[in-house]
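J.: Test case, fold it:
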Amino acid sequence: MNKALIALAFGGLAIGMTEFTMMGILPDIAKDLKIDIPEASNLIALYALGVVVGAPTLVAFSGKYSPRNILLFLMLLFFVFNGIFAIAPNKVLLLTSRFISGFPHGAFFGVGSVVAARLAKPGKEAQAISIMFTGMTIANLAGVPLGTYIGHHYSWRITYGVISLLGLITFLAIYFWMPRMEASKTNNVWKQISYFARWDAWLMVAVIAIGTGGLFAWISYIAPLVTDVSNLPENRVPVIMILVGLGMFFGNIIGGKLADSITPSKAVIIGFIAMATCLLVVFFIAHVTYLAYPMAFITGMISFSIGSPLQMMLINNAKGAETFAAAAGQASFNIGNTLGAYLGAIPITLGYAYNYPSLVGVSMASMGAILAYIFWKKVVRAKMNL
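T.: As a prediction, the model looks like this:
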């Protein structure tokens, strides 16, 4: 395997851990800082806001530099501000460092997606991108449970110190393994930004933000789903999360191969339809205890199979602004995170059981499939007929 792709996978691992470990150690942070959990959850929102702000901003203003240098800068930023977050002595520095630590997320995956596609053999671009995202799936499979364990039994600050060091390891891997690439001669900030003057760019944002919200409507409430509805003991929740992560690992690989085989747009349409179907099954059978295990794996696999195809859709549709579009896609993914969690909470606040957020997920994934079909028909097919 190309060592440069492994370096990108290290970045995916580090970024996946800094984003998702927070959910598992939030009570520990709240206790340490002597604040309540709702206030501590601002650290989740601040990171997501950092992704949304940092992704287009950093990519737009770094276009004149080589991809290797951009990736090195992003991981240096990651290393420094996750390190500051781990040792921050006061709340202001804690909140500020958490916000800035989100900046490299979307930009890294945006630049990394384009680099991975350039490094790939013809017809293998989506599979190369999926290797980068493998790092994030490994984060969910092993990194997040390990970081949560350290946070519970020792200190959350040690967890984020380790995450910061992963950023440094990624920096070194990119420095030694990433080939030098020339910056695009046609790349400039206005050309990047002008991508969003097109209606089809906003359609892609809607596809990602609404469609992937189906995943987050389900996974945001998976712990109470399996304990209150499936009647599993609390000590089985980590097992469920590992199965979800394992499913994501295989789904990521399958999605890359599918996108290269039948085109990214068709892979996304199929993926969202499969996600909606799977979440509907979860809604109806969540009360069957022994089915919670296989459904965690299957739902994780199907839901994460759309990551690489979505990135390829963005890259293919943004000639001249590929990096900006791919980074904006990560920002859209985080909007989906927020939307899915927020909308999924509505039936719970109305007194319904914890399997009802899955119905919200069905609606969002179905809408994602419809919007992806419109994109395929109005944009992809139109270009093919030119």
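J.: right, and G329 touches M204 too?
T.: Yes - here G329 reaches M204: they are 7.2 Å apart, a contact under Cβ atoms under 8 Å. Yep, even glycine has a C-beta here, placed from its N, CA and C like the rest.
J.: Quickly list what's touching both of these two.
T.: Shared contacts of G329 and M204 (Cβ atoms under 8 Å, 6 or more residues apart in numbering): L314.
J.: Counting neighbours, go ahead and name the busier of the two.
T.: Ranked by neighbour count (other Cβ atoms under 10 Å), G329 and M204 place G329 first, with 27 against 24.
J.: quick one: what helix or strand has that one in it?
T.: Following DSSP states H and E, one finds G329 within helix 322-349.
J.: Identify the residues contacting the helix or strand following that helix?
T.: Moving toward the C-terminus from helix 322-349, the next helix or strand (DSSP H and E) is helix 356-375. Helix 356-375 is contacted from outside by 200, 203-204, 206-208, 210-218, 220-221, 225, 265, 268-269, 272-273, 275-276, 279-280, 282-283, 286, 313, 339-340, 343-348, using Cβ under 8 Å, 6+ apart.
J.: can you rerun that using 6 Å?
T.: With Cβ atoms under 6 Å, 6 or more residues apart in numbering as the test, helix 356-375 has contacts from 203, 206-207, 210-211, 213-214, 217-218, 221, 268-269, 272-273, 275-276, 279-280, 282-283, 343-344, 347.
J.: residues making contact with stretch 284-294?
T.: By Cβ under 6 Å, 6+ apart, stretch 284-294 touches 226, 229-232, 355.
J.: right, I mislabeled it, should have said stretch 243-254
T.: By Cβ under 6 Å, 6+ apart, stretch 243-254 touches 130, 133-134, 137, 140-141, 296-297, 300-301, 304-305, 307.
J.: buried set for stretch 21-34?
T.: 21-22, 24-26, 28-30, 33 (16 or more other Cβ atoms under 10 Å).
J.: which among the residues you listed gets closest to I163?
T.: I163 lies nearest to T21 out of the buried residues of stretch 21-34, by Cβ to Cβ, at 7.0 Å.
J.: Return the residues in contact with L215.
T.: For L215, counting by Cβ under 6 Å, 6+ apart, the contacting residues are S303.
J.: try it again with 8 Å
T.: Counted by Cβ under 8 Å, 6+ apart, L215 has contacts 275, 303-304, 336, 340, 361, 365.
J.: okay, these in a markdown table with pLDDT, distance to A321 and neighbour count next?
T.: Formatted as a markdown table, the contacts of L215 follow (pLDDT from 0 to 100; distance: Cβ to Cβ, whole Å; neighbours: other Cβ atoms under 10 Å):
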| residue | pLDDT | distance to A321 | neighbour count |
| --- | --- | --- | --- |
| M275 | 96 | 28 | 28 |
| S303 | 90 | 28 | 27 |
| F304 | 88 | 26 | 29 |
| G336 | 88 | 21 | 24 |
| G340 | 87 | 27 | 28 |
| G361 | 95 | 31 | 31 |
| A365 | 96 | 28 | 32 |
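J.: can I get these in TSV with distance to S194?
T.: TSV is the format used below for the contacts of L215 (distance: Cβ to Cβ, whole Å):
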residue	distance to S194
M275	32
S303	33
F304	32
G336	24
G340	30
G361	34
A365	31
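J.: which strands and helices sit next to the helix ranked longest in the chain?
T.: If you go by DSSP state H, the chain has its longest helix at helix 3-33. The contact analysis (3 or more Cβ pairs under 8 Å, 6 or more residues apart in numbering; DSSP states H and E) places helix 3-33 against helix 37-40, helix 42-60, helix 67-87, helix 91-101, helix 103-119, helix 125-138, helix 144-153, helix 156-177.
J.: Apply 7 Å and report the result again.
T.: On a contact count with 3 or more Cβ pairs under 7 Å, 6 or more residues apart in numbering; DSSP states H and E, helix 3-33 meets helix 37-40, helix 42-60, helix 67-87, helix 103-119, helix 125-138, helix 144-153, helix 156-177.
J.: Throw the ones you listed into JSON lines and include mean pLDDT, thanks.
T.: Below are those laid out as JSON lines (pLDDT from 0 to 100):
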{"stretch": "helix 37-40", "mean pLDDT": "70"}
{"stretch": "helix 42-60", "mean pLDDT": "83"}
{"stretch": "helix 67-87", "mean pLDDT": "95"}
{"stretch": "helix 103-119", "mean pLDDT": "88"}
{"stretch": "helix 125-138", "mean pLDDT": "86"}
{"stretch": "helix 144-153", "mean pLDDT": "85"}
{"stretch": "helix 156-177", "mean pLDDT": "96"}
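J.: Out of those, the one nearest D260 is which?
T.: helix 125-138 (4.7 Å).
J.: same for the closest one, what does it pack against?
T.: Short answer (3+ Cβ pairs under 7 Å, 6+ apart): helix 125-138 packs on helix 3-33, helix 103-119, helix 237-262, helix 307-316.
J.: Contact partners for the closest residue to V360 other than its chain neighbours?
T.: The spatial neighbour of V360 that comes closest, neighbours along the chain excluded (Cβ to Cβ, 6 or more residues apart in numbering), is A217 at 4.4 Å. For A217, the contact set (Cβ atoms under 7 Å, 6 or more residues apart in numbering) comprises 340, 343-344, 357-358, 360-361, 364.
J.: before we move on, which element is A217 in?
T.: helix 213-219.
J.: quick one: average pLDDT of that helix?
T.: On average, the pLDDT along helix 213-219 is 89.
J.: Next secondary structure after that helix?
T.: In N-to-C order, the element after helix 213-219 by DSSP H and E is helix 222-224.
J.: How many residues are close by the residue lying closest to W376 once chain neighbours are set aside?
T.: Distances taken as Cβ to Cβ, 6+ apart place S265 nearest to W376, at 4.1 Å, with adjacent residues excluded. Residues lying near S265 (other Cβ under 10 Å) number 24.
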